[in-house]
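In: Fold the following.
(2 chains)
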Amino acid sequence: DAKTTQPTSMDCAEGRAANLPCNHSTISGNEYVYWYRQIHSQGPQYIIHGLKNNETNEMASLIITEDRKSSTLILPHATLRDTAVYYCIALGGGADGLTFGKGTHLIIQP
Amino acid sequence: GAVVSQHPSWVICKSGTSVKIECRSLDFQATTMFWYRQFPKQSLMLMATSNEGSKATYEQGVEKDKFLINHASLTLSTLTVTSAHPEDSSFYICSAREWGVTQYFGPGTRLTVL
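Out: Numbers count the residues shown, from 1 in each chain, chains lettered A, B, ... in the order given. Prediction:
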């Protein structure tokens, strides 16, 4: 699976949009971009994934650049409960386990 | 949908005893289940992959005789930590996958070995 690079930490004001970047410059054509988050002492929670097109669900939006070398996860109206470590993972279609990097620690400020 | 449960959520045991952790997919059939562990202030590390009815595949450095995995049905996988020692104290998390790529995670089990 391609390596991903994320900022170590980010702050965002409550009620504002949180934009979390991820670089995956070596991603291959069959690898999806997945986002999970882990709130302290809980199992990771699936957020969203995409291949080429931008995706939106009830939790977030995923914007993937045309060359697929980077992506941005957008939480449109961040709340305090969105404080967590966010992981961006490139995952092939037939892949097995996930390789977690250090992720981005997003802190939502009141 | 896509709910995965784990039991117990936490366990404390004495050194030398064995501990079994259950992972269940509640609303889907999991063809593949995964076991991860997470030490304090670290990311999750994959321990093993199990397919229903097959032997588990362990990651390098994970002792298969110490961490016994059974995936006897499409909704249940168990991880048994045999002869547990304090260094096995960790947060153990399972995930399950149906036919696609997306994995759904359980809430985790915190193991403390005294």
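
In: At the contact with chain B, which residues of chain A appear?
Out: Within chain A, the residues that sit near chain B (Cβ under 8 Å from any Cβ of the partner chain) are A:32, A:34, A:36, A:38, A:41-46, A:49, A:87, A:91, A:93, A:95-103. Using the backbone N, CA and C atoms, a C-beta is placed for each residue, glycine as well.

In: from those residues, which would you call buried?
Out: Among the residues of chain A next to chain B, those scoring as buried are A:32, A:34, A:36, A:38, A:43-44, A:46, A:49, A:87, A:91, A:95-100, A:103 (criterion: 16 or more other Cβ atoms under 10 Å in any protein chain shown).

In: And the strands in the chain?
Out: Just so you know, I chose chain A. Counting by DSSP state E, residue ranges of the strands within chain A are A:9-13, A:18-23, A:31-38, A:45-50, A:55-56, A:61-64, A:70-75, A:84-92, A:104-109.

In: Actually, chain B is the one I wanted.
Out: B:4-7, B:10-13, B:19-25, B:32-38, B:45-51, B:57-58, B:67-73, B:76-81, B:90-97, B:104-105, B:109-113.

In: For the third one, give the mean pLDDT please.
Out: For strand B:19-25, mean pLDDT is 97.

In: now that strand, how far from the centre of its chain.
Out: Averaging C-alpha positions (Cα atoms, centre = their mean, to the nearest Å) puts strand B:19-25 7 Å from its chain's average.
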